[in-house]
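# heads up, no residue letters with this:
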């Protein structure tokens, strides 16, 4: 690969190009849910007038599939784009949450998977990898025969930020074997529900320019609340509804608006109806981040439930924003499908998602 500065400059040019060449998405009635059975959907601006969507599941066998669209409404299946048994494949199961970034006319797919190297036979042995392709539709080949790095605990949900000549990786430490004391945990134990409550936390760390590893130590950015507070009670619904002895902070997605960094994140059980999205803001890529008092910004509404693990994409004007996420309806059952709704940041800096909506 070329110099770090050249890589990042090119990435910025691609992002700027994609914001000006993709046909504008016209205001129209909701097309939700889309007939795309993805969890954790992520949409890429290719710069050629086409959007590409990647996600968990969607019929892929030990890997990832993709869809393409010119208007964010009608999506064409592109088939499986990543296979676990490529020449450098290191994963052997649970392929989750793919995100694809275009840098210097190459496409880099970041994803989570169970690591083959598992000497202690951990039930959750997730790590993050990166694969490369000449095309957004693959095939993608892992850069190395190992994960990007090993923090010593399972991690999922990679998200990448290119900012001021540097690259940052965000991820979620899994709940697995991570019990944390909190007022909610003490309350659940006193009720005789759970002896402990495990938590997942969001971290950020700088990436090497060739994506081969990390620079410095990971920084804790977001975690569930320690004290009971009405403003953050929504993050504990999986525990307070006796759904699980876990509190999740995962599926982070970061972007910059003016001089502020917005980090969206999901809380509660991805497989339950209480999955919801909030956000926090910070003045630098590695925080500190402060959660919004207006959370959650996306949650169940009677028509849609299990709303979460979102990404953000933009229309051709570079200002109209869309929140891409998965959810469920009574008609579609338990299967996760993709939803796309408009979102915005108002004059006071408040992030608002105009959803969840269903077809009308």
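Right, received. Where do you want to start? Please read all numbers here as calculations on a predicted model, not as lab measurements.
# okay, CA-based contacts and neighbour counts for the rest of this
OK.
# Now do the helices in the stretch 51-200 of the chain.
For the stretch 51-200 of the chain, the helices defined by DSSP state H, counting those that start in this stretch cover 183-190.
# can you list the weak-confidence ranges in it?
For the stretch 51-200 of the chain, applying pLDDT under 70 flags no range at all.
# Quick check, central residue of the protein?
With distances taken as CA atoms, centre = their mean, residue 251 lies nearest the centre of the chain, 3.8 Å away.
# Distance of that one relative to residue 311?
9 Å (CA to CA, to the nearest Å).
# before we move on, what about residue 303?
Distance, residue 303 to residue 311, using CA to CA: 21 Å.
# Quick check: pLDDT value at residue 226.
We have a pLDDT of 98 for residue 226.
# give the contact list for it.
By CA atoms under 8 Å, 6 or more residues apart in numbering, the contact set of residue 226 is 181, 182, 183, 184.
# ok, so of those, who is nearest residue 245?
Proximity of the contacts of residue 226 to residue 245 (CA to CA) peaks at residue 184, which lies at 10.3 Å.
# got the contact list for the closest one?
Shown in contact with residue 184 (CA under 8 Å, 6+ apart): 226, 227, 228, 236, 239, 240.
# Buried by neighbour count, from these: which ones?
Neighbour counting over the contacts of residue 184 (16 or more other CA atoms under 10 Å) leaves 236, 239, 240 as the buried ones.
# In this structure the first one contacts residue 247, no?
Just to be clear, that refers to residue 236. Yes - in terms of CA atoms under 8 Å, residue 236 counts as a neighbour of residue 247; the distance is 6.0 Å.
# Between these two, which contacts overlap?
224, 267, 268.
# Can you name the residues bridging to the second one?
In this case it means residue 267. Residues in a beta bridge with residue 267, per DSSP bridges, are residue 249, residue 276.
# okay, now it: neighbour count?
When counting by other CA atoms under 10 Å, one arrives at 27 neighbours for residue 267.
# That one: what's it in contact with?
Neighbour list for residue 267: 235, 236, 247, 248, 249, 250, 275, 276, 277, 278, 308 [criterion: CA under 8 Å, 6+ apart].
# Make sure the first one is actually in contact with residue 268.
Yes - A contact is recorded between residue 235 and residue 268 when judged using CA under 8 Å, the distance being 6.1 Å.
# shared neighbours of these two, which are they?
Contact with both residue 235 and residue 268 is made by residues 247, 248, according to CA under 8 Å, 6+ apart.
# measure residue 240 to residue 233 for me?
Per CA to CA, residue 240 is found 9 Å from residue 233.
# Equivalent analysis for residue 295, please.
Residue 295 is 10 Å from residue 233, by CA to CA.
# Between the two, which has more neighbouring residues?
residue 295 (20 against 16).
# any idea how far residue 236 is from the more buried one?
Going from residue 295 to residue 236 by CA to CA gives 13 Å.
# same check, this time on residue 138
On the measure of CA to CA, residue 138 and residue 236 end up 39 Å apart.
# Can you tell me which of the contacts of residue 184 end up in helices?
Cross-referencing the contacts of residue 184 against helices under DSSP state H gives 239, 240.
# Quick one: the contacts of residue 184 as JSON lines, columns for distance to residue 339 too.
Shown next, in JSON lines, are these (distance: CA to CA, whole Å):
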{"residue": "226", "distance to residue 339": "32"}
{"residue": "227", "distance to residue 339": "33"}
{"residue": "228", "distance to residue 339": "31"}
{"residue": "236", "distance to residue 339": "24"}
{"residue": "239", "distance to residue 339": "26"}
{"residue": "240", "distance to residue 339": "27"}
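# Right, I'll leave it there.
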